[in-house]
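Colleague: Dropping a prediction and its sequence here:
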2 protein chains.
Amino acid sequence: MVLLSAGCRSRAILLFSLLVIIALFNGSAVEARIRRYKWEVKYEYKSPDCFKKLAITINGQTPGPTIRAQQNDTIIVELTNSLLTENVAIHWHGIRQIGTPWFDGTEGVTQCPILPGTTFKYEFVVDRPGTYLYHAHYGMQREAGLYGSIIVGLPEGQSEPFSYDYDRNIILNDWYHKSTYEQATGLSAIPFQWVGEPQSLLIHGRGKFNCSALTTPSLDPGVCNATNPECSPFRLIVVPGKTYRLRVSSLTALSALSFQIEGHNMTVVEADGHYVEPFVVQNLFIYSGETYSVLVKADQDPTRNYWITSNVVSRERKTPAGLANFVYYPNHPSRSPPTTPPIPPAWNNTAPRIAQSKAIKALQGFIHTPPQLSDRVIVLLNTQNEINGRRHWN
Amino acid sequence: MVLLSAGCRSRAILLFSLLVIIALFNGSAVEARIRRYKWEVKYEYKSPDCFKKLAITINGQTPGPTIRAQQNDTIIVELTNSLLTENVAIHWHGIRQIGTPWFDGTEGVTQCPILPGTTFKYEFVVDRPGTYLYHAHYGMQREAGLYGSIIVGLPEGQSEPFSYDYDRNIILNDWYHKSTYEQATGLSAIPFQWVGEPQSLLIHGRGKFNCSALTTPSLDPGVCNATNPECSPFRLIVVPGKTYRLRVSSLTALSALSFQIEGHNMTVVEADGHYVEPFVVQNLFIYSGETYSVLVKADQDPTRNYWITSNVVSRERKTPAGLANFVYYPNHPSRSPPTTPPIPPAWNNTAPRIAQSKAIKALQGFIHTPPQLSDRVIVLLNTQNEINGRRHWN
């Protein structure tokens, strides 16, 4: 229409339109892209720790696909719920949803649940660089495997306040063999039935349950298969001499964890999407919902591989260590380390955990001090009442 | 307000109001009552055949509570969905829903699903006497135990075209140990994974699985307990010499059944809510969704009890017989019959089943002949297409 009109005013409009188009093109091509995902959420049999059970997958995967974007990109996730009878909702953990609170994914708070057979479109901006998570926010679906990572990089041309050669990602989890329906039925029963300790600790969706620990008969002969390739350990392949930014996050149901790479120091540089003053740890303590970036240099004996371990802390340890393989290229990735896995800190030794908490300080130059004066004060009142003979907190 | 007014017109209103009140009172007290039910639907651990698994219950029961009403009563069911993440809908099987098609309970067709945490009110008239059913009509929730009976009697003062002393009710079912999620995941997988034969046949919600048939290890030591009172057999207690109207219905997932009461003839008098010309059977063949009334006289040796059996027909028999106890009062109800359970007809013997089908004829005086001329013709077209290499019927 603009091209068909004539006169000075029309030419001005034409020029302005072209500028807008150029600006938009620049924006979408370089500075703020739209990242589109189509996800199908459904139940599938999975054996993440060699024990076969139903898991909730996204496009066949658990953990789900990693969302990778750059700061200020728009993420569009078209989620189709194929769970047959169950609703779903996804929370984008750590994303501020500025201007889009209705896409926060907390069922019953910011949205109605997504019904089976329907498709819902989440659309939001990732406005800060860093390591984030997504997970189901409905019933215990997160514990059934519906979770994944969101990795937001800087816009092109900008660089992080630390350097590394490669960027890698690991999500930690704990894993129960009872279905989440069974767990939820017990937890909501009167009297309350505790779920107990998890059967396995998963490192990026893989663990190893000892099938011979099954003692009571069941009907399904193939329920536990130690040779199932789905439960071969996770392998992080590194090139000798290179430095890795390893993003480590946890979405456990119950467990606080100690994460370790045998013989390698880790330099913490990011916590929950914020740059921190670098500090060095041998064990990274991580709680559910947290994310860290650590720098790891592949500076040890390159002729062998090393253990990556995940262990329970703060509860007496009844679940075996989660184990993965830190593989020095070109060693064979299935070659086990020649050592026994490193001994984790005592479960009840709180000193190193407190030390880690105290070491976390915002990086100089990236400190966002809160305003000196509040313009509004909100007082939150927690109540504690006896209802039907049971104590409820609100 | 009416009582405070004066004058002839007001008195006329008063009289009319009183007449309306009397009419309403008569109607609600005698001819057409309102029957109110409050149901909470939730998951609970149940051991209907001694094997513990999650079942969907109504007010703690599976089968759910029996709805008992008289013709033209209004049934109001306030259903609260406490399934946590799953929706629900209940279909009232055999109820015509004249004027209330939106309460037919077929999710996705006549209603949106009932969301977790919400309450939905079904309200409909039972306009015909007879034996009907209700069951979940969403996913495989019916197979998880969400079903029950609707028994509609005649209005007071009217009598059935047959006589009996007592009215009793039995629902038959088949039962799988895998969760319905697991079954549904296999059935909707590519390639298709068949659910196999049921582990047990239930008679009014009770069966007896042979716990020693479990061969492969599982984690849960109490999963199968033959002494659990939940799986003690169903008992039908009869008084010698009396005649029982026994309403027998089936809501199996897979199985066609033969139902038998050892040593007792059954006279079929009702089928699917319609009176039929009486005919006598030793085995009642019954398919999923069917209901029958049979008359049974307690005319055998009253010093012993008798077997009630349910057996698979039309598929090779791989599931043990369902067994219950036909108890002659005052024998001890837990006393087993001194005999072995009667041998059912061969699974592939179709002759007696065809004979039963042919014997079913509407009772003289209760024949509703269809109109001679149609006022509208609807032609249904079924299609059969290859979609993604698989055959689909529509």
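Modeller: In hand now; what should we look at?
Colleague: Name the helix or strand for the residue nearest to A:P198 when sequence neighbours are not counted, please.
Modeller: Closest residue to A:P198 apart from its sequence neighbours, by CB to CB, 6 or more residues apart in numbering or on different chains: A:D174 at 3.7 Å. Bear in mind the C-beta positions are built from the backbone N, C-alpha and C, glycine included. Element membership for A:D174, per DSSP states H and E: strand A:166-175.
Colleague: Could you give me the buried positions within the helix or strand following that strand?
Modeller: Following strand A:166-175 in sequence order, the next helix or strand is helix A:180-187 (DSSP H and E). With burial defined by 16 or more other CB atoms under 10 Å in any protein chain shown, the residues of helix A:180-187 counted as buried are A:T180, A:Y181, A:E182, A:Q183, A:A184, A:T185, A:G186.
Colleague: Among these, which ones lie close to chain B?
Modeller: Applying CB under 8 Å from any CB of the partner chain to the buried residues of helix A:180-187, one finds that A:Y181, A:E182, A:A184, A:T185 fall near chain B.
Colleague: can you put those in TSV and add pLDDT?
Modeller: Below are those laid out as TSV (pLDDT from 0 to 100):
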residue	pLDDT
A:Y181	94
A:E182	93
A:A184	94
A:T185	93
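Colleague: Pull the most distant pair out of these.
Modeller: Using CB to CB, these span at most 7.4 Å, a distance reached by A:E182 and A:A184.
Colleague: Kindly state the beta-bridge partners for A:V77.
Modeller: A:Y37, A:Y122 (DSSP bridges).
Colleague: Now do it: how many residues are near it, please.
Modeller: Using other CB atoms under 10 Å in any protein chain shown as the criterion, A:V77 is surrounded by 22 other residues.
Colleague: Ok, the one 10 residues further on next?
Modeller: As a burial measure, A:N87 scores 22 neighbours (other CB under 10 Å).
Colleague: Ignoring the adjacent residues along the chain, who's closest to it?
Modeller: Once flanking residues are discounted, A:N87 sits nearest to A:P113: 3.2 Å by CB to CB, 6+ apart.
Colleague: what residues are up against A:L363?
Modeller: A:L363 makes contact with A:P161, A:V269, A:H274, A:Y275, A:V276, A:E277 under the criterion CB atoms under 8 Å, 6 or more residues apart in numbering or on different chains.
Colleague: Would you mind naming what in chain A lies close to chain B?
Modeller: Contact residues (CB under 8 Å from any CB) of chain A with chain B: A:43-45, A:54, A:84-87, A:108, A:112-113, A:115-117, A:138-141, A:177-179, A:181-182, A:184-185, A:188-189, A:199, A:214-221, A:223-224.
Colleague: Okay, and which of these map to helices?
Modeller: If you go by DSSP state H, the residues of chain A next to chain B have A:Y181, A:E182, A:A184, A:T185 in helices.
Colleague: before we move on, the earlier item: what is the residue nearest to A:P198 paired to in the beta sheet?
Modeller: Beta-bridge partners, per DSSP bridges, of A:D174: A:L201.
Colleague: For the stretch 201-350 of chain A, which segments are assigned as strands?
Modeller: If DSSP state E, counting those that start in this stretch is used as the criterion, the strands of the stretch 201-350 of chain A fall at A:216-218, A:235-238, A:243-250, A:256-261, A:266-271, A:274-281, A:283-286, A:291-297, A:306-313, A:322-328.
Colleague: And the helix or strand following the last one, what's buried?
Modeller: Following strand A:322-328 in sequence order, the next helix or strand is helix A:351-359 (DSSP H and E). If you call a residue buried by 16+ other CB under 10 Å, then helix A:351-359 has these buried ones: A:P352, A:R353, A:Q356.
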